[in-house]
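K.L.:
The following comprises the amino acid sequence and a computationally predicted model.
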Amino acid sequence: MTTAQERLARFGDAEHCLRHLERSRRELLHLLHRLSDEQLFWRPGPDIWSVAEVAEHISLVEESAGKVIRRLRKAALGEAEPFPPPAPLQTRPDGRLLAPPLMEPKGGLTRAALLERLRTVRERVLAEVAESGEGLPHPPTYPHPFFGDLTALGWLQTLVEHERHHLRQIQERLGA
């Protein structure tokens, strides 16, 4: 297990991950609801996402991870086609990791559309986790661009790490 995977393992089993996700989503929604439209859609710089774009990115990553969890479940049952290769890891000149292009927000969502997207994507992930049941921590695996080969549980753990990371980022930006 790599150091990055050990960092994910601290989130524990599916039950613990779901509790973490429930808590972080509650915090995220609280922040989104209390922001004015100006605060929600303001971009601090040309290459810096607005809070709305960060939330959209969270939903894109969660949607993608949910699809991986589903595919891993189907692969374990012999029902899935081979996985396409993962996107190569990209970093900024300062060494920070870059989101893969498909995970970059498109922008333009209204507050209502953003909140609905967060809700529906989360519902789909919860359904995939429930469907996977006891199979979550078991092979097969699929490589995550930042964390290496992960089981479905590992992919669920990445969602906890990801949402917490961006929630802290938003809170720091807002001075909350």
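P.N.:
Sure thing, it's come through.
K.L.:
for the protein, which spans come out with low pLDDT?
P.N.:
Applying pLDDT under 70 to the chain flags the ranges 1-2, 176.
K.L.:
the residue most distant from the middle of it, which is it?
P.N.:
Gly78 (26.1 Å; CA atoms, centre = their mean).
K.L.:
what about the strands in this structure?
P.N.:
142-144, 148-150 (DSSP state E).
K.L.:
do you know which of the ones you listed lies nearest Leu29?
P.N.:
strand 142-144 (25.6 Å; CB to CB). (Each C-beta comes from the backbone N, C-alpha and C, glycine too.)
K.L.:
Report the strands that pair with the closest one, each with its relative direction.
P.N.:
strand 148-150 (antiparallel) (DSSP bridges).
K.L.:
Tell me which residues are up against the partner strand.
P.N.:
Thr2, Ala4, Gln5, Leu8, Thr141, Tyr142, Pro143, His144, Gln157, Thr158 (CB atoms under 8 Å, 6 or more residues apart in numbering).
K.L.:
Now which of the residues you listed would you call buried?
P.N.:
Gln5, Leu8, Thr141, Tyr142, His144, Gln157, Thr158 (16 or more other CB atoms under 10 Å).
K.L.:
quick one: which of the residues you listed is nearest Ile48?
P.N.:
Proximity of these to Ile48 (CB to CB) peaks at Thr158, which lies at 22.9 Å.
K.L.:
Now do the contacts for the closest one.
P.N.:
Taking CB under 8 Å, 6+ apart as the test, what Thr158 contacts is Leu8, Ala65, His144, Phe146, Phe147, Leu150.
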